[in-house]
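Asks: need coordinates for the following:
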Amino acid sequence: MGLIAAAAGCNDANKEPIPPAPTARREALTASGTATATAAPSPTVSHRVAPPAAPRTLCSGAPLDRAMPTEKLGHAQAPGAPELGSAIAVGHGKWTWINLWAAWCGPCKEELPRLQQWQAKLAANATFQFVSLDDDERQLLMFLEGQPASGLKTTFWLPEGKTRDGWLSGLKINTSPELPVQILVNPQGRVHCIIEGAVEDGDFARVASILAQR
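Replies: Okay, here's the model as predicted:
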């Protein structure tokens, strides 16, 4: 016991205190990044907030006053639904709202019930017609067949080809347009304006005011 204690005491006695690192070494460590340095305060950055986008006004420019195309249209319908002719009747003292859509187009399908509601509300002033730009006839027919009784069951149809290109070019619309597209034809049978993209519930008041014009 005494020897062990003495040995331990000797070891403690022989230990020498470790001197602190020289000032130059500490500075070198700090410069090399080994030691933690105090970060300089970040400069104040002024962020610019963009102003909110102005609400759009449909058909705000001068009327286009274009003639309707003369190319004949195809048509497609669910079993039991009425067949359409080969041309859209325009004029006759009413507005005509033409919707270009496709069964593969998500925004188009989301918009269809809205347009059908508008059709019921605005029946005194306008008729609504739908023109599919589907290329796959089976996909189009499956969509029409799957619609509820109150849904879209029949449509005009412009499959890819010369007829579609001629019909769209006649309206000065890109032959591969981003769907949906709305074409408003005035009571005299002339194209009043073209709306690119889907309409929203908030557009109804503006639409109603346009279709009330004579």
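
Asks: just list whatever residues bridge to Val185.
Replies: Counting by DSSP bridges, Val185 is bridged to Thr96, Val191.

Asks: please renumber the chain so that the first residue is 314 from this point on.
Replies: New numbering, starting at 314: the last item is Val498.

Asks: that one: what's it in contact with?
Replies: 381, 403-404, 408-411, 504-505 (CB atoms under 8 Å, 6 or more residues apart in numbering). (Glycine included, C-beta is placed from N, CA and C.)

Asks: center of the protein - which residue?
Replies: The chain has Pro420 as the residue nearest its centroid, 7.1 Å off, counting by CA atoms, centre = their mean.

Asks: pLDDT below threshold where in this structure?
Replies: 314-368 (pLDDT under 70).

Asks: you'd agree the residue nearest to the centre of the chain is in a helix?
Replies: Yes. Counting by DSSP: H, G, I helix; E, B strand; the rest coil, Pro420 is located in a helix.

Asks: hey, where'd the strands end up in this structure?
Replies: 379-380, 387-390, 408-414, 439-445, 467-470, 494-498, 503-509 (DSSP state E).

Asks: for Gly515, find the nearest of these.
Replies: Closest approach to Gly515 among the strands of the chain (CB to CB): strand 503-509, 13.8 Å.

Asks: now do the closest one: distance to the chain's middle.
Replies: Mean-position distance between strand 503-509 and its chain equals 20 Å (CA atoms, centre = their mean, to the nearest Å).

Asks: looking at the contacts of Val498, spot the one nearest Leu471.
Replies: Ile411 (11.2 Å).

Asks: for the protein, which segments count as helices?
Replies: 315-327, 336-345, 419-434, 450-459, 475-483, 517-524 (DSSP state H).

Asks: ok, back up a step: which of the contacts of Val498 are buried?
Replies: 381, 403, 408-411, 504-505 (16 or more other CB atoms under 10 Å).

Asks: so what's the residue count around Gly459?
Replies: When neighbours are counted by other CB atoms under 10 Å, Gly459 registers 10.

Asks: same thing with Pro392?
Replies: Count around Pro392 with other CB under 10 Å applied: 8.

Asks: how about it, nearest residue that isn't a chain neighbour?
Replies: In space, and not counting its chain neighbours, Pro392 is closest to Glu458: 6.8 Å by CB to CB, 6 or more residues apart in numbering.

Asks: who's in contact with the residue nearest to the centre of the chain?
Replies: 492-493, 510-511.

Asks: so what's Arg379 bridging to?
Replies: Here Arg379, judged by DSSP bridges, has bridge partners Val504.

Asks: just to check, it is in contact with Leu484?
Replies: Yes. With contact defined as CB atoms under 8 Å, Arg379 counts as touching Leu484 (6.3 Å).

Asks: many thanks, we can stop here.
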